[in-house]
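Enquirer: Sharing a model prediction with you, sequence too.
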Number of protein chains: 2
Amino acid sequence: MMAARLTPLAQSLPASVPFVGPEAAERARGAGFTARLGANENVFGPSPKAIAAMETAAGDIWKYADPESHDLVTALAAHHGVAPANVMVGEGIDGLLGYLVRLYVGPGDAVVTSEGAYPTFNYHVAGYGGTLHKVPYRGDHEDPEALLTKAAEVGAKLVYLANPDNPMGTWHAGSVIEDMVARLPEGSLLVLDEAYVEMAPEGAVPRIAIDHPGVLRMRTFSKAYGMAGARVGYAIGAAEQIEAFHKVRNHFGMNRAAQAGALAALGDQAYLADVLSRIAAAREEIARIAAENGLSALPSATNFVTVDCGRDGDFARAVLAGLVARGIFVRMPFVAPQDRAIRISCGTAADLAAFAEALPSALAETAGA
Amino acid sequence: MMAARLTPLAQSLPASVPFVGPEAAERARGAGFTARLGANENVFGPSPKAIAAMETAAGDIWKYADPESHDLVTALAAHHGVAPANVMVGEGIDGLLGYLVRLYVGPGDAVVTSEGAYPTFNYHVAGYGGTLHKVPYRGDHEDPEALLTKAAEVGAKLVYLANPDNPMGTWHAGSVIEDMVARLPEGSLLVLDEAYVEMAPEGAVPRIAIDHPGVLRMRTFSKAYGMAGARVGYAIGAAEQIEAFHKVRNHFGMNRAAQAGALAALGDQAYLADVLSRIAAAREEIARIAAENGLSALPSATNFVTVDCGRDGDFARAVLAGLVARGIFVRMPFVAPQDRAIRISCGTAADLAAFAEALPSALAETAGA
């Protein structure tokens, strides 16, 4: 019998994965990791109130979630001083990016991002047949000027920029983003990924009119709020852009306990403030460990620190492999010249002690190879 | 400034919703429901072991889920006596149907289903630009002969059938499905939605070779396992069909606690057996209440009972409105002639007592109108 028929686009796609999970790496090496510092998860976890809300909701899990995420949307709108019509809750930023790309990008449509920026966005663009145009970073920052120039050149439907940036941890002042928004080409939508923004310094958050039709901001409970495994993200933007998600989203796609947890997490800003101070301390400790080993840490506006290994990508990849072999799960930028660095998520004191213990021998082994 | 540009397909789609959630109905009426019997949720809930697993996992929610769902896939494969390569775990059947339609259906591609069958499948087909061809039910059953004839006529890429059926609760013997599979047109993939199959009588499960390229079976933890709010479904089929999901799926889309809960639920088959007996008793009670009110209940292979109100769709809609006004959340089939019925999910004794109390006056009010 003839096999069923994939679409030509689906036929052309590889079976791929933007990231291999740490569990797969643990299975491959036959042992667990001592420290899980590779996926920019927030080891400090969510508010105890969020955990309690999820525990309570576990007993109610026989009910589908509210497809409107009404309570969470309402709370987020109040938190940001916008209307509920300006907020769309979805299955993590990854899920929302998938919907967004589906809405805007068809075969051959142009999309602009930076070489080495978030691969899951690229995966979605390729998955809908879009054509990715990439511009290089500039001094370890995504380059708004280059993105704007390329977007105008190719007539980009979407322009992706993360502020703060992943994988470098760098950031632009909000005014730089505001200037970028003002100069977007006609018909381009800026996808402003602010997954890490709660951890950024004052002034990194641009002021953008909520009804601006050219920008959609992406936020998440996965990073500062410590709920990566829950899958709760949200988009903020003009009602017209938010409304479009209803054309394609999986209405009953949210986990009910995750909704309850996110609502409780949002309500505990005191806990968030405490976590931010612990993240700041961990960033300093990672920088100290780097310096102790003759390496330099990039300033970070995120819950990870990108550590320049001082040589080329092959060297950094070998250092990373040495850390992984020593039970320290870390990742690194994919492309040159950023791949001279490794990326360490903020961990507990015990996590960072394990990192500090493993790094010298991983470096020595690599330098001596 | 010009608004960003949706694709022509997205531009053509309405902002729609396959089902309005009960929470939205509660907000609209300004009061909660006494009994939640409209969404075929399983009020008996999941195994206490599943609840405990989710409570435990709440403390670990800072970690992303294993994108391979390795432990759950392995357990499901063992449970069904197939290989892990024959199983794909996803964000509920709804999520998996979305991926499946995306993989197979492009603009103008033909898809066959039954008039009044699962609207979320139709939503996905429309959302990818497919052309839906619908055949009528036959005697309150989906009609395999009509589906096969239409599939051959239009060259269907996908043919959807639910066994047991939703919204009627009826079922075909496994041998009927086996015969249908044997006679599928070349190049058609049967999407066999078995969301309710654990609750069906012996003999309703077809024997289909796991490497058959023409069938993909959909299962879920939302119904018999009582975890609708967790979003855990899975597909079973040929490795080639399963592999295709990796081209488009959201790898980090699963909720980590949901994975743990599903694994524990699967492991507690004794609890499942107990729930099945409670569901069977509730079906009998709903049939008794129907008969007491002069209505007839259709035999059911699911956790709901479709009750024939004995007149036309307008009458049944009025009865349903009367129940909703009395705090009983129920739904009903969308199209004639099935819309002469209302659909009652299996509830607790208290739920069904509330239904029994509300039904006579809802009926009397409607009959007297």
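Expert: Right, received. Where do you want to start?
Enquirer: Show me where chain A has its strands.
Expert: Assigned by DSSP state E, chain A shows strands spanning A:35-36, A:87-90, A:110-114, A:131-135, A:158-162, A:189-193, A:215-220, A:233-237, A:296-297, A:304-308, A:328-329, A:341-345.
Enquirer: most neighbours per residue, which of the ones you listed?
Expert: Ranked by mean neighbour count, these are led by strand A:341-345 with a mean of 28 (mean count of other Cβ atoms under 10 Å in any protein chain shown). All C-beta atoms are positioned from the backbone trio N, CA, C, and that covers glycine.
Enquirer: So is that one next to chain B?
Expert: No. On the criterion Cβ under 8 Å from any Cβ of the partner chain, strand A:341-345 is out of touch with chain B, staying 10.6 Å away.
Enquirer: Check which helices and strands the longest helix along chain A is in contact with.
Expert: What stands out as the longest helix in chain A, according to DSSP state H, is helix A:269-292. If contacts are counted by 3 or more Cβ pairs under 8 Å, 6 or more residues apart in numbering or on different chains; DSSP states H and E, helix A:269-292 sits against strand A:296-297, strand A:304-308, helix A:349-368.
Enquirer: With respect to chain B, which of the ones you listed lies nearest?
Expert: helix A:349-368 (12.2 Å; Cβ to the nearest Cβ).
Enquirer: same question for that closest one, mean pLDDT?
Expert: Helix A:349-368 shows a mean pLDDT of 96.
Enquirer: other SSEs contacting that helix?
Expert: Short answer (3+ Cβ pairs under 8 Å, 6+ apart): helix A:349-368 packs on strand A:35-36, helix A:269-292, helix A:313-325, strand A:328-329.
Enquirer: most tightly surrounded among these?
Expert: Mean neighbour counts for these (mean count of other Cβ under 10 Å) peak at strand A:328-329, with a mean of 24.
Enquirer: Kindly reformat the helices and strands packed on helix A:349-368 as CSV and extend each row with mean pLDDT and distance to residue B:255.
Expert: Output for the helices and strands packed on helix A:349-368, formatted as CSV (pLDDT from 0 to 100; distance: least, Cβ to Cβ, whole Å):
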stretch, mean pLDDT, distance to residue B:255
strand A:35-36, 98, 18
helix A:269-292, 98, 21
helix A:313-325, 97, 27
strand A:328-329, 98, 21
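Enquirer: Now the terminal residues of stretch A:25-45, how far apart.
Expert: 22 Å (Cα to Cα, to the nearest Å).
Enquirer: does chain B sit close to that stretch?
Expert: Yes. Counting by Cβ under 8 Å from any Cβ, contacts between stretch A:25-45 and chain B involve A:27, A:36, A:39, A:41-45.
Enquirer: Would you list the buried entries among the residues you listed?
Expert: Among the residues of stretch A:25-45 next to chain B, the ones that count as buried by 16 or more other Cβ atoms under 10 Å in any protein chain shown are A:36, A:39, A:41-45.
Enquirer: nearest to residue A:134, of those residues?
Expert: Closest approach to residue A:134 among these (Cβ to Cβ): residue A:39, at 23.0 Å.
Enquirer: Outside of stretch A:308-322 itself, list whatever touches it.
Expert: A:294-298, A:330-332, A:336, A:339-342, A:358-359, A:361-363, A:365-366, A:369 (Cβ atoms under 8 Å, 6 or more residues apart in numbering or on different chains).
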